[in-house]
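Enquirer: Below: sequence and its predicted model.
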There are 2 protein chains.
Amino acid sequence: MTRTHGERKRREILVAAMDVGSAEGLGGLSIGRLAEEIGMSKSGLFAHFGSKEELQLATIGFAAEDYERRVLAPAQDAEPGLARLRALLDAWVTYIDATGNRGGCFFDAASSEFSSRPGPVRERLAQLSRGWLRRLEQEARAAVRMGELAREVDPELLAFKLHAYVEEANWARELFDDRRSFHKARGAIDETLRHATPPPEPPRPQIGDRS
Amino acid sequence: MTRTHGERKRREILVAAMDVGSAEGLGGLSIGRLAEEIGMSKSGLFAHFGSKEELQLATIGFAAEDYERRVLAPAQDAEPGLARLRALLDAWVTYIDATGNRGGCFFDAASSEFSSRPGPVRERLAQLSRGWLRRLEQEARAAVRMGELAREVDPELLAFKLHAYVEEANWARELFDDRRSFHKARGAIDETLRHATPPPEPPRPQIGDRS
DNA sequence: TTATTTTCAGAACGATCGTGCTAATCTGGG
DNA sequence: CCCAGATTAGCACGATCGTTCTGAAAATAA
């Protein structure tokens, strides 16, 4: 393996790129700035990627792997349906809440920055975010199908809401230094899922106790 | 009034700055780029503000005035409480949905960018966003007090949710070119407010009103 | 008109950006 | 050991950045 050394260095670079990129943006992530951060020469670092855009794409890919490993994978242990939906959300909130990145969630920072900057970077970010939203929606749909959520629930709208809470929490924490924001997000998630729960009793209970 | 001419030019600059700033970010809003956009020399434009930071702050102030005029003011026509809360949200969604800015909501773009970049710009943005969240929360609180929303409703959490929907919609539209995103936001707002409505009849109507 | 202040353009500065080119250094396989 | 290839540093380039300075043009006051 002649690659051993290079791969390790590449990893080291990408870890720093993820951190710096979340704080100063993927665009503001300058090669020189990043090289200084890890004690390399500008050109030495540059040689690992052919261009700045390649570096950005590699950083996104690296962050996506990290995210997949720490959010998607663990949630697969939960039963499909509502349990897994909750597991996904819980792992996600925990992931963002405990992120070591100076600028909060890497994807939030990057996608906000590139949302109106056409090119491969935007496309990749959009694809990842879309996939994540679809993942939530799909699990919500399963929960509806299994009767764990009310039939009237629109899975797409539910995913929209739940996703919004976590993004809002990340935004509020970064802008306000609000350490309670993720607590609020959890509360909002709980309330929204509770309201989406089907009524506990069949249409005509009559006699027996209520509730 | 010796200022007449200068003020007009300043306005013209700030209009362009708001547009460009929403698209490429307040940081990426370069003096040269902006000067070229409106056919001025770099130094000529620069003379209107003493520094780039002053330009950024002026742009924020200008955007805030615009926002106040087009969102806050119209909603004052509505009755306090739930009606005004709805009016605020409706004006806000309409405002962002119909914004002419290439990059969507100016504040979303700016606050995301500066959330982890300390300084006066971040402070001003945080202050404005906090004020807006408080505004929503205060109207929600009034609605609860007036019995238009259920007593169990937490105004702070409600404001958190509602704010999250609109931010999510703006984010989704920019990143996905999703023109339905604001329709989803309106749906989410309606659902959430509906769930916050008190049950149509009190458990113990009896004789006199309590409270 | 003239005098004065406001407004703007032009040129230049140091710094930093992304990116090539060249050579030195390191690393593992024979 | 040596040698081929991977890895990195050094240097320089054009471009663009924010900023400063100087002077011309334009607007206003006298």
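Expert: Received, thanks. In this text the structure is predicted, and so the values were computed from the model without any measurement.

Enquirer: near DNA strand C, which residues of chain A show up?
Expert: Listed as neighbours of DNA strand C in chain A under the rule C-beta under 7 Å from any atom of the strand: A:1-2, A:4-5, A:29-33, A:42-43, A:46-47, A:51-53. Yep, even glycine has a C-beta here, placed from its N, CA and C like the rest.

Enquirer: Those residues in helices, which ones?
Expert: When these are checked against helices (DSSP state H), the matches are A:Thr4, A:His5, A:Ile31, A:Gly32, A:Arg33, A:Lys42, A:Ser43, A:Phe46, A:Lys52, A:Glu53.

Enquirer: can you redo the residues you listed as JSON lines with pLDDT, distance to B:Ala91 and neighbour count?
Expert: Formatted as JSON lines, these follow (pLDDT from 0 to 100; distance: C-beta to C-beta, whole Å; neighbours: other C-beta atoms under 10 Å in any protein chain shown):
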{"residue": "A:Thr4", "pLDDT": "66", "distance to B:Ala91": "60", "neighbour count": "8"}
{"residue": "A:His5", "pLDDT": "73", "distance to B:Ala91": "59", "neighbour count": "9"}
{"residue": "A:Ile31", "pLDDT": "97", "distance to B:Ala91": "44", "neighbour count": "17"}
{"residue": "A:Gly32", "pLDDT": "96", "distance to B:Ala91": "45", "neighbour count": "11"}
{"residue": "A:Arg33", "pLDDT": "95", "distance to B:Ala91": "41", "neighbour count": "13"}
{"residue": "A:Lys42", "pLDDT": "97", "distance to B:Ala91": "49", "neighbour count": "14"}
{"residue": "A:Ser43", "pLDDT": "97", "distance to B:Ala91": "53", "neighbour count": "9"}
{"residue": "A:Phe46", "pLDDT": "97", "distance to B:Ala91": "49", "neighbour count": "18"}
{"residue": "A:Lys52", "pLDDT": "97", "distance to B:Ala91": "41", "neighbour count": "15"}
{"residue": "A:Glu53", "pLDDT": "97", "distance to B:Ala91": "40", "neighbour count": "13"}
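
Enquirer: Report the entries of those that also contact DNA strand D.
Expert: A:His5, A:Lys42, A:Ser43.

Enquirer: Where do the strands of chain A begin and end?
Expert: For chain A, no strands are identified by DSSP state E.

Enquirer: Residue of chain A closest to DNA strand D, please.
Expert: Per C-beta to the nearest atom of the strand, A:Gly6 is where chain A lies closest to DNA strand D, at 1.9 Å.

Enquirer: Correct me if wrong: that residue contacts A:Gly44.
Expert: No. Look at A:Gly6 against A:Gly44 with C-beta atoms under 8 Å: they stay out of range, at 11.4 Å.
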